[in-house]
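In: what follows is a predicted structure for the sequence shown.
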Amino acid sequence: MPTTTATSDTPHTLGASRTLWELLDRRAALSPDATVLIQAGDTPDDDRTLTFGALREGAERTAAGLHSAGIAPGHTVAWQLPTRIETVVLTFALARLGVRQTPVIPFYREREVRLALRATGARHFAHPGLWRGFDHGEMARGIAPGLDRPLNLFRVYDTLPEGDPSTLPPPPDDGTAVRWIYWTSGTTSSPRGVLHTDRSLIAGGACLAHALRLRPDDVGSMAFPYAHIAGPDYTVMLLMYGFPAVLFERFAMPDALDAYRRHGVTVAGGSTAFYSMFLAQQRERPGKRIVPSLRLLAGGGAAKPPELYHEVVKEMGCQLTHGYGMTEAPMITMGAPDDTPERLATTEGRPPEAMEIRITDADGAPLPPGTDGEVRLRGEAVCQGYLDEDDTARAFDREGFLVTGDLGHLTEDGYLVLTGRTKDIIIRKGENISAKEIEQLLYEHPAVGDVAVIGLPDPERGERVCAVVEQPPGAGALTLDEAAAYLREQGLAPYKLPERLEIVDALPRNDALRKVLKYKLRERFA
C-alpha cells in the first residue's frame, strides 16, 4: 500500500524526498498509470513496459518475498545483474527493506566479485545465471567457499521472488544512512567501494535533471549498465519528472537505433564514447537524421574534445550537453541546453547550488578564477567516503572537501574547465605537460578516431610523451613525424610534442561508460 499521497508535488519538492522509496511512492501516487520503463527487445513484439504504479507494487511484492526468505534490514545484498526491468524492481525492493546493497557491474569477473563480497560482508548475492555466454552462478559458487560467512545465492533474470506486502516492516525513513556501496570503475587501479546514501543519490539525480531542463514528454534511454552509479542517477530523474526511459540489456550499434526510433527517444547519451558512436552512425547516413526525435545528447564521465561538440550539433541536428561526475559524486557540473556554444564546447558546465567546488594548490589553499589547480568538492551528492577508512582519510581534506585528483579552473562566471588529472600530468625534464591538451589537438586530425596520451618512464627525461591512437576506418597510417608536424601547426610548444606514437585497433575501455583505461596502456607500452 502507498505510504504517501501527494497530489501537489513538483519535481523540486519530489527532490526533497528523504529516501528513494519515498520518492517512488510519491511519484506512483501522482502518475500511477504513466510508463516509467521500456525494455527494448530485439523486435517490437519483444518490447515490455512498466508503469510507475506497477514498479511500486512489484517492488513491494518482491520485498515481501525477499523478507520471507530471510533478507532483513542490516543485511548486505550484492547483485550483479544486467539492465532489465527486473533489476530495477529488485533494487527498489531492497530499498523498501532498508538493506545495504552493493551493485556490481555485470562484466566484472572473479577477482572483482570476490573483492566486493569480501569487503562488504555481503550475506546474499543475486546473479542472472548464464548471461551472454558466462555463468555468473557458477562463478559465485566457486567464490563462496573462500568467504568467511555463508553466502545465499539467488538467480534474478526473468522472475523475482514475491510475497505478501502486508507482512513487511515499515519502510526506512532515514535517508542519510549508508545503504549503497558502489565500485569505482578501476581506470587507474583496483576498484574501491564508495559509500552512498539515499539522499546523496537523490541529490545527484535531482541536480542532473534540473540542469538538463527535462520535460514530462521526454523519453530517455539507459544504454549503460544499471549497476553503474549512473543507474540510480537516471532513475531519480524519471521519478522526479515522470517520464520513461528505454532500457538496453545489450547495447550495440547500429542495432539499437531501431529501438531509439520506435520509442521516440528524445534524450540519449552516456559518455564521450557514446557521442562518438552516434556520430559514426550519422556519418553513414548523411543528410538523414538517424533518430529524428532526438533533441539532446548528454553525459559525462570522460573528457570531451571541443570539436566533438561542434560535429554532433552540426551533423546530428541535436544539442549536446556534457557534464562532470564520478562514482564518488555522480553529478558535479552539467552543461545546460541554453548555454552558449562556446561554453558547451569548452567547459563541463556549472555546478548546482548544492555543490561547492573549490580550486586549490597542492596544499589546499584556494586559487582565484582562471587559475589551474586541484578540483575539490563538497555537497550532499558527494559520497560518505570509502569502505577502507584509510582511503577516506586520504580523500577528504580538513574542511570536508573531496580531493578528486582532477585538475582545472573555474571561469569568472562559474563554469568548470577540466585540464587533466594529477596522474595525467607528464613531467618531462621538470616541465609539466597536460595530456588532455595534446589529446584535444590530436583528436582533430583526420587520421585520428580517438587518442590517449600517457607518460612513460625515461631514465634521462623522467618521463616521455607517448600518444596512443585509434584510427577511424579507411584512414591512412599515421606516423610520429606527421603527428608532430600537425601539432606544431596547431601551435603546441615543442617540449610537449610526443616522442612516441602507437597505433592500436581499439583503446582499452571499461565496460560501464567506456572510459579509456590508461593504466593498461602504461603497462603495455612502458
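Out: Alright, I've got the coordinates.
In: ok now stretch 64-83, how far from the chain's centre?
Out: 24 Å (C-alpha atoms, centre = their mean, to the nearest Å).
In: before we move on, what about stretch 163-182?
Out: Relative to the chain's own centre, stretch 163-182 is displaced by 24 Å; criterion: C-alpha atoms, centre = their mean.
In: quick one: contacts of stretch 466-484?
Out: Here stretch 466-484 makes contact (C-beta atoms under 8 Å, 6 or more residues apart in numbering) with 438, 442, 445-456, 497-507, 521, 525. C-beta here means a position set from N, CA and C on the backbone, and glycine is covered the same way.
In: in helices only, show me the residues you listed.
Out: The members of the contacts of stretch 466-484 that map onto helices under DSSP state H are 438, 442, 521, 525.
In: buried ones only from the contacts of stretch 466-484, please, as a ChimeraX command.
Out: Here is the ChimeraX command that selects the buried residues among the contacts of stretch 466-484 (16 or more other C-beta atoms under 10 Å):
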select :438,442,445,447,448,449,450,451,452,453,454,455,456,497,498,501,507,521
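In: now the ones in helices among the contacts of stretch 466-484 in TSV, with distance to R378 and pLDDT?
Out: Listed next are the ones in helices among the contacts of stretch 466-484 as TSV, based on distance: C-beta to C-beta, whole Å; pLDDT from 0 to 100:
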residue	distance to R378	pLDDT
I438	32	91
L442	35	95
L521	33	91
F525	37	91
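In: what is the nearest of those residues to R295?
Out: Distance to R295 across the ones in helices among the contacts of stretch 466-484 (C-beta to C-beta) is lowest for L442, with 30.7 Å.
In: looks like the closest one contacts V451 (just checking).
Out: Yes - assessed by C-beta atoms under 8 Å, L442 is found in contact with V451 at 4.6 Å.
In: mean confidence for the helix or strand containing T404?
Out: Taking DSSP states H and E as the criterion, T404 maps to strand 402-410. Averaged over strand 402-410, pLDDT sits at 93.
In: domain assignment for this protein?
Out: 11-199, 200-355, 429-525 (automatic domain parsing).
In: gap between R461 and R261?
Out: 52 Å (C-beta to C-beta, to the nearest Å).
In: nope, E348 is what I meant
Out: 30 Å.
In: more crowded one of these two?
Out: E348 (26 against 15; other C-beta atoms under 10 Å).
In: grab the nearest non-local neighbour of the more buried one.
Out: In space, E348 comes closest to Y324 once its chain neighbours are excluded; the distance is 4.0 Å by C-beta to C-beta, 6 or more residues apart in numbering.
In: what residues are up against the one you found?
Out: Taking C-beta under 8 Å, 6+ apart as the test, what Y324 contacts is 300, 332-334, 348-349, 406, 416, 418.
In: what about 6 Å?
Out: Neighbour list for Y324: 300, 332-333, 348 [criterion: C-beta atoms under 6 Å, 6 or more residues apart in numbering].
In: and which of those residues is nearest L195?
Out: Distance to L195, by C-beta to C-beta, is smallest for I332 among the contacts of Y324, at 17.3 Å.
In: any idea which helix or strand carries the closest one?
Out: Following DSSP H and E, one finds I332 within strand 329-334.
In: following element in sequence after that strand, please.
Out: Following strand 329-334 toward the C-terminus (DSSP H and E): helix 341-346.
In: export that following helix as PDB, just CAs?
Out: The C-alpha atoms that make up helix 341-346 are tabulated as PDB, following Å, rounded to 0.1, in the frame of the first residue of the first chain:
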ATOM      1  CA  PRO A 341      28.000  27.000 -27.900                       C
ATOM      2  CA  GLU A 342      31.400  28.200 -26.600                       C
ATOM      3  CA  ARG A 343      30.600  27.200 -23.000                       C
ATOM      4  CA  LEU A 344      29.100  23.800 -24.100                       C
ATOM      5  CA  ALA A 345      32.100  23.100 -26.300                       C
ATOM      6  CA  THR A 346      34.900  24.100 -23.900                       C
END
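In: start the count at 54 instead of 1 going forward.
Out: That works, and once the first residue is 54, the last one we named lands at helix 394-399.
In: could you count how many residues lie near Y496?
Out: Y496: 19 surrounding residues under other C-beta under 10 Å.
In: for it, give me its contacts.
Out: 358, 504.
In: next: E364.
Out: Neighbouring residues of E364 by C-beta under 6 Å, 6+ apart: L332.
In: again with E113
Out: Per C-beta under 6 Å, 6+ apart, neighbours of E113: P218.
In: where does it fall, helix, sheet strand or coil?
Out: When classified by DSSP: H, G, I helix; E, B strand; the rest coil, E113 comes out as helix.
In: now it: how far from L221?
Out: Taking C-beta to C-beta as the measure, E113 falls 7 Å from L221.
In: and the strand holding I385, how far out from the chain middle?
Out: Averaging C-alpha positions (C-alpha atoms, centre = their mean) puts strand 382-387 10 Å from its chain's average.
In: what does stretch 133-144 give?
Out: For stretch 133-144, the distance to the chain centre is 16 Å (C-alpha atoms, centre = their mean).
In: what strand or helix carries I479?
Out: Using DSSP H and E, I479 sits within strand 478-481.
In: oh, that last question was meant for R232, not what I typed.
Out: strand 231-236.
In: tell me the helices and strands packed up against that strand.
Out: When contacts are defined as 3 or more C-beta pairs under 6 Å, 6 or more residues apart in numbering; DSSP states H and E, strand 231-236 packs onto strand 246-250.
In: parallel or antiparallel, list what pairs with the strand it packs on.
Out: Taking DSSP bridges as the criterion, strand 246-250 forms sheet pairs with strand 231-236 (antiparallel), strand 438-439 (antiparallel).
In: ok, back up a step: A326: which of the ones in helices among the contacts of stretch 519-537 is nearest?
Out: Using C-beta to C-beta, L574 comes nearest to A326 of the ones in helices among the contacts of stretch 519-537, at 15.7 Å.
In: roughly how far apart are R268 and T374?
Out: From R268 to T374 the distance is 15 Å (C-beta to C-beta).
In: those two: which is more packed in?
Out: Counting neighbours by other C-beta under 10 Å for R268 and for T374 shows that T374 has the greater number, 25 against 12.
In: per-residue confidence at the residue nearest to the more buried one when sequence neighbours are not counted?
Out: Spatially, and ignoring its direct neighbours in sequence, T374 is nearest to G388 (3.8 Å; C-beta to C-beta, 6+ apart). Looking at G388, its pLDDT stands at 95.
In: shouldn't G388 be in contact with H375?
Out: Yes - G388 is within contact range of H375, at 5.5 Å (criterion: C-beta atoms under 6 Å).
In: tabulate the CA atom coordinates of the helix or strand of the chain with the lowest mean pLDDT in PDB.
Out: Using mean pLDDT, DSSP states H and E, the weakest-scoring helix or strand in the chain turns out to be strand 484-487, at a mean of 76. This file holds the C-alpha atoms of strand 484-487, laid out as PDB (Å, rounded to 0.1, in the frame of the first residue of the first chain):
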ATOM      1  CA  GLU A 484      58.300  20.700 -17.200                       C
ATOM      2  CA  ASN A 485      54.600  19.800 -16.600                       C
ATOM      3  CA  ILE A 486      52.700  18.700 -19.700                       C
ATOM      4  CA  SER A 487      49.000  18.200 -19.900                       C
END
